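Student: Following is a predicted model, sequence given first.
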Amino acid sequence: MRIPVNLASLPFRRDRALLVASGVACVLLTALLVFLISLNSLESGQAADARGQIARLESQIRAISAEQAREDAILRKPENAEVLERSLFLNALLYRKGISWTRIFADLEKVVPYNVRIMTIRPSVVGPNQVSLDMTIGSETPGPVFDLLKNLEGSPLFGAVYSHSLLPPTQTDKLYRCRVSVNYAQNL
């Protein structure tokens, strides 16, 4: 049996590889620190530019809002009230006249099944560039009515569908009737 005995006061150790690896790691970490500091300074410069642009845009918004308020104050004067009221009335008429019946029927033709009848249709302007269609539809069976509702919801031209009521056939009327409201994407 051999027992290694080292009688030296400082035994020999192989630390050179560990020291070289530590030196390389130190150099890499220092380079990474310099890189991160430069990125931070670059980002802070860009953030300062963005804050400056935001401040300029906000000042422009404030100036435009102040000008709009001055114009509104002029329009709200009692001597201009009649002109403002007439202008609002004419704008509302123009919006309503901007609804194209031909386009409504052409778009409905794409989604209405052959065995569904449109009994009534009432378009109305509900907001800027927003049209709502209130329709009464009829069919001999309820299946095609549900197909129409699915087609309306799946079409990109029509929005959410609200079914108000589904009435069964009566002795005088042999159709299932459904009252439906749907948003319509027609640009005015």
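Tutor: Received, thanks. Numbering: from 1, shown residues only.
Student: Which residues does the lengthiest strand in the chain contact?
Tutor: As assigned by DSSP state E, the longest strand anywhere in the chain is strand 116-127. The contact list for strand 116-127, computed with C-beta atoms under 8 Å, 6 or more residues apart in numbering, reads 92, 95-96, 99, 101, 104, 108, 112, 131-139, 144-145, 147-148, 175, 177, 183-184, 188. Every C-beta, even on glycine, is put in place using the N, C-alpha and C of the backbone.
Student: Can you flag the buried ones in those residues?
Tutor: The neighbour count (16 or more other C-beta atoms under 10 Å) marks 95, 99, 104, 108, 112, 131-133, 135-139, 144-145, 147-148, 175, 177, 183-184 as buried among the contacts of strand 116-127.
Student: mind listing what the longest strand of the chain pairs with, with the direction of each?
Tutor: Pairing partners of strand 116-127, with direction, according to DSSP bridges: strand 130-139 (antiparallel).
Student: So what's the model's average confidence on the biggest helix by length in the chain?
Tutor: In the chain, assigned by DSSP state H, the helix with the most residues is helix 16-75. Helix 16-75 comes out with an average pLDDT of 93.
Student: So which other helices or strands are in contact with that helix?
Tutor: Helices and strands in packing contact with helix 16-75 are not found; criterion 3 or more C-beta pairs under 8 Å, 6 or more residues apart in numbering; DSSP states H and E.
Student: Next secondary structure element downstream of it?
Tutor: Counting by DSSP states H and E, the next helix or strand C-terminal to helix 16-75 is helix 81-97.
Student: What is the distance between that next one and the centre of its chain?
Tutor: Computed by C-alpha atoms, centre = their mean, to the nearest Å, the chain-centroid distance of helix 81-97 equals 30 Å.
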